[in-house]
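Novice: build the 3D model from these lines:
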Amino acid sequence: MAKMIHSMIRVLEEKRSLSFYTEAFGLEIAERLDFETFTLIYLSNSESEFELELTVNKGREEAYDLGNGYGHLALSVADLDAEHQRLTDLGLNPNKIVEFNRDGALLARFFFITDPDGYKIEVLQRHGRYK
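Specialist: Below is the predicted model of the structure:
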């Protein structure tokens, strides 16, 4: 059986991205691999073994074109309202909280936030399948 272990995104500025993911989601560097033309930075926290891999291509100055194929990363939290307020207090500008219902029952409560490179991140209340 296959096991998902990480997702990779390309970022323009290492320091800016590390600051965002540390402040917003408590992700810390699990490993940093520096090569001649690029750096790989694996981020994780104690909540999950799944990692986010940031790829920093050295010498790149223009923003990446995210195109129309990228969807989003998703994280779950125990208290969505408190997390939304914390991110707001940090000045990270999360979008409003949305409730998504199906057949009269709550399917999900969530909001989106955008990282410094324009990647969308969905933050979900732990509920149902979103643990």
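
Novice: how near is the residue nearest to Ala63 when sequence neighbours are not counted to Glu62?
Specialist: Closest residue in space to Ala63, ignoring its immediate chain neighbours: Leu12 at 5.9 Å, by C-beta to C-beta, 6 or more residues apart in numbering. Every residue, glycine included, has its C-beta placed from N, CA and C. Distance of Leu12 to Glu62, computed by C-beta to C-beta, to the nearest Å: 8 Å.

Novice: where does the chain dip in pLDDT?
Specialist: Where the chain drops to pLDDT under 70, the residues are 2.

Novice: thought Ala108 was touching Lys131?
Specialist: No - in this structure Ala108 lies outside contact range of Lys131 using C-beta atoms under 8 Å: 11.8 Å.

Novice: of the two, which one has the most company?
Specialist: Taking neighbours as other C-beta atoms under 10 Å, Ala108 and Lys131 compare with Ala108 leading, 19 against 7.

Novice: just the element for that one, please.
Specialist: According to DSSP states H and E, Ala108 maps onto strand 105-114.

Novice: who's in contact with stretch 53-66?
Specialist: If you take C-beta atoms under 8 Å, 6 or more residues apart in numbering as the criterion, stretch 53-66 is touched by 6-14, 17-18, 21, 36-43, 117-119.

Novice: count the neighbours of the closest residue to Val98 other than its chain neighbours for me.
Specialist: Excluding its sequence neighbours, the residue lying closest to Val98 (C-beta to C-beta, 6+ apart) is Phe110, at 5.9 Å. Residues lying near Phe110 (other C-beta under 10 Å) number 22.

Novice: what does the one 5 residues further on give?
Specialist: Taking other C-beta under 10 Å as the neighbour definition, Asp115 ends up with a count of 19.

Novice: go on, Met4?
Specialist: Other residues close to Met4 by other C-beta under 10 Å number 8.

Novice: which parts of the chain are strands?
Specialist: Using DSSP state E, the strands of the chain run over 6-10, 28-34, 38-45, 48-57, 73-77, 98-102, 105-114, 120-125.

Novice: fine by me, we can end here.
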